[in-house]
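**Student:** Sequence isn't available, so here's the structure alone:
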């Protein structure tokens, strides 16, 4: 991946070639988004905007042909986060910007992506119907809840928020690997939010979740910065105690497999904002 970043930074043509090639692909649009962020961070907002203008063409064609707005929203969302980081040089603020990015994306899809949402709801319905048949083979009737369009829109908004942050972090890692070795790890481990911001995010997530099942996916958008702060706390602890990468791998596996670990991570981030464990 470092070799790809080095190739991209050789000139405008190399960056343009990689960005346009990935922007029209559902599988590789994240590479284009990370390249956009890297160029914005290193060469400025103007160069990033020029690259984005070309990347929008294949992503827009994909939206027009198939109704899939994912690549386009990922490119735009990652660019917004990169601009915030470029102007502020503040990684926590850039990560926090994923909240409005996710909300605007979800609202835009809910307002203009009716047919696309209906298709996704239908796919979920077919998948859940198959699951019901398999689970009901033992004689017990199983009925699984179907997501509606509002839930799916929130899910897509949260997905864009997460993907944009991950692409930004990848670009920041590339930038550090090329020009400031070791700088990314130090910057990420220091990611922290003061109590007022943490309280606002937590209350926003609780309020949305309390509005009913239709808005629980929207609540996840508010949780994204808290989860990143929790991961930063875990990395800081591992570094402080001199533990190896094996411990981190085990933690990430547990986080993927067990929901209580996800909750503990968010609670740890909230507690850290009040007690500042890294001090």
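**Tutor:** Sure thing, it's come through. These figures come from a predicted structure and were not determined experimentally. Residues are numbered from 1 along each chain as shown.
**Student:** okay, CA-based contacts and neighbour counts for the rest of this
**Tutor:** Will do.
**Student:** tell me the contacts of residue 178?
**Tutor:** Taking Cα atoms under 8 Å, 6 or more residues apart in numbering, we find residue 178 in contact with 2, 5-6.
**Student:** Can you list which of those are found in helices?
**Tutor:** Using DSSP state H, the members of these that fall within helices are 2, 5-6.
**Student:** which one of these sits closest to residue 21?
**Tutor:** Residue 21 lies nearest to residue 5 out of the ones in helices among the contacts of residue 178, by Cα to Cα, at 14.9 Å.
**Student:** Run a quick neighbour tally on the closest one.
**Tutor:** Close neighbours of residue 5, defined as other Cα atoms under 10 Å, add up to 20.
**Student:** gap between the closest residue to it other than its chain neighbours and residue 1?
**Tutor:** Excluding the flanking residues, the one nearest residue 5 by Cα to Cα, 6 or more residues apart in numbering is residue 174, at 6.2 Å. For residue 174, the distance to residue 1 equals 8 Å [Cα to Cα, to the nearest Å].
**Student:** Mind checking which of the two has more residues around it?
**Tutor:** Neighbour count, other Cα under 10 Å: between residue 174 and residue 1, residue 174 has more, with 23 against 9.
**Student:** Using the three-state scheme, assign the more buried one.
**Tutor:** The three-state assignment at residue 174 reads helix, by DSSP: H, G, I helix; E, B strand; the rest coil.
**Student:** Residue 188: how many residues sit nearby?
**Tutor:** So residue 188, with other Cα under 10 Å, has 21 neighbours.
**Student:** so who does it touch?
**Tutor:** When contacts are counted by Cα under 8 Å, 6+ apart, residue 188 touches 91, 232.
**Student:** if you set the cut-off to 7 Å instead, what comes out?
**Tutor:** Counting by Cα atoms under 7 Å, 6 or more residues apart in numbering, residue 188 touches residue 232.
**Student:** That one is in what secondary structure piece?
**Tutor:** Per DSSP states H and E, residue 188 falls inside helix 183-189.
**Student:** how about a markdown table for the contacts of residue 178, with pLDDT added?
**Tutor:** Listed next are the contacts of residue 178 as a markdown table, based on pLDDT from 0 to 100:
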| residue | pLDDT |
| --- | --- |
| 2 | 79 |
| 5 | 83 |
| 6 | 87 |
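**Student:** Right, I'll leave it there.
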